Structure formats: C-alpha cells, structure tokens
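Enquirer: sequence below, structure please.
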Amino acid sequence: MGKLVLMGESSKLRKYRSDHEDLNTHSRSAIIEAGQVLFLEQGIASTTMGEIAEQAGVSRVTVYRHFPECGAIAFEVYNRMLESILEATRAEVPAGVSGLDAARHCLTALFGAYPKQEAAFRFCAAFSTYYATEERSDELAEWYAAREFRGLSDACAQFFGVHLDPETSNRLMAITDAAASGLCSLAVSTPSLSKGEAQARLSNLKDFLVGILDA
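Expert: Prediction:
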C-alpha cells in the first residue's frame, strides 16, 4: 500500500510540475507577444514593464520572474522578428539552385519578403540601435551576455551560406549587408513616404544590388 501511495503522490507531483511548466511557458509567450505589440506602437524606451504586464494579462511579478527589464523582452521580440524575416525569405528560395543563381534567388527572396515583413525590418532596425546605444544595468548586461546577438545581415548571410559555395557566399556577404541595412532604413522611413515612393525605393535598391551581384 505504501508503494501505491508513493506512486500516486509521484504522479500528482509530475502533473503539477507539468502544469506549472505549461503555465510558465504560456506566461512567457504572452509577455513577449505583449512586448511586441507595445514596442511597435510606442517604441522600446517608452514602454514600461507595468504596461507589458497589463497588455499580457499577467502580474508585474510574473513579468519580472521571466525578464529583468524591457530590454530583455525586446531581445526576445527581436529574435522572433528576425526568424520571421528568415522564414519568409526561405519560402521564396527554390530548391535545387546553386552558385550565382542561388545567390540571386536569395537576394531576390529577401526583397520579396519585405512587403509583408516591413514591421519586422523596422523593429530589427530599432532594436539594433537600442542594443548598441542604450545604457544597461548590470543585470541586463549579464542577461545579454548569456545570449547570442545576431545582426540581420549576419543572420541572412548565415542563411544564404547554406545554399551557396564559399566563393559565392563571400561575394554575396557585402551585398547582403547593404541589402539588410537598406531594407531596415526603408522600413524606418516608410511611414513618412507614400506607397508609390516606398515601392520605388524598394525596387531601385533591389535593382542596384542585383546589378552589382551580376556585374
């Protein structure tokens, strides 16, 4: 009987731990999603932990249990946005291409992903500046140090490298950096541009960089 009781208690404990982990995962995801909404609406520096807690429907204590401050949440949002851009780009690259043709497809795919990923490009630009210039507390500095920061151009170069031979990958690297920087800059300025002006700048940048690649 004693063994049966212990087994029953063990089963309850496992269920409790599983439910607790699920709740923690759900809370963390809700906090990141809330941060994404608020950061895009009002900027990283203008957003407070209290506002994120209210948006996420959790307590401030829960937010601080997962993240030391807003910069840490912004880091997670950045990685989510970065992966969104890469996924959208990946979907545009045909299977089986190689060499210069693959490089052209990769570059074209990055531009093709832009219209639906404009907000992601804008946030990547904002967070890159925030990450490089914002004063950090010791706790946030330690939090950042335990995680890898990948710039958009580096992430794209790593993704493109999967499809390319080393020589072509090296050739594309500088162009990728220019494309990522150009698209982020365009995303930041787009709200002040007409739709026609934004499309024209996107097309001109794409034609210019593809032209350099083909030269």
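Enquirer: leaving out chain neighbours, which residue sits closest to Val188?
Expert: Ala125 (5.2 Å; CB to CB, 6 or more residues apart in numbering). For the C-beta atoms, the positions are set from N, CA and C on the backbone; glycine is no exception.
Enquirer: separation between the one you found and Cys184?
Expert: From Ala125 across to Cys184, the span is 4 Å (CB to CB, to the nearest Å).
Enquirer: just Ser203 next, same as before
Expert: For Ser203, the distance to Cys184 - CB to CB - is 17 Å.
Enquirer: how about Asp101?
Expert: According to CB to CB, Asp101 and Cys184 sit 26 Å apart.
Enquirer: how about Ala95?
Expert: Looking at Ala95 against Cys184, where the rule is CB to CB, the gap reads 28 Å.
Enquirer: ok, Ser203 and Cys184, which is more surrounded?
Expert: Taking other CB atoms under 10 Å, Ser203 and Cys184 do not tie; Cys184 has more neighbours (22 against 11).
Enquirer: determine the number of other residues adjacent to Pro68.
Expert: 18.
Enquirer: for the helix or strand containing the residue nearest to Val188, packing partners?
Expert: With secondary structure defined by DSSP states H and E, Ala125 is part of helix 118-133. Counting contacts by 3 or more CB pairs under 8 Å, 6 or more residues apart in numbering; DSSP states H and E, helix 118-133 packs against helix 2-42, helix 70-90, helix 152-163, helix 166-189.
Enquirer: would you format the ones you listed as JSON lines with distance to Trp143 included?
Expert: Shown next, in JSON lines, are the helices and strands packed on helix 118-133 (distance: least, CB to CB, whole Å):
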{"stretch": "helix 2-42", "distance to Trp143": "14"}
{"stretch": "helix 70-90", "distance to Trp143": "5"}
{"stretch": "helix 152-163", "distance to Trp143": "20"}
{"stretch": "helix 166-189", "distance to Trp143": "24"}
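Enquirer: figure out which of these is closest to Ala56.
Expert: For these, the distance to Ala56 is smallest for helix 2-42, at 3.7 Å, taking CB to CB.
Enquirer: what's the pLDDT at Ser18?
Expert: Here, the pLDDT recorded for Ser18 equals 45.
Enquirer: sorry, slip of the keys, the one I care about is Pro166.
Expert: At Pro166, pLDDT is 78.
Enquirer: so how far is Met173 from it?
Expert: From Pro166 to Met173 the distance is 11 Å (CB to CB).
Enquirer: who's more crowded, those two?
Expert: Met173 (17 against 8).
Enquirer: residues contacting that one?
Expert: Ala157 (CB atoms under 8 Å, 6 or more residues apart in numbering).
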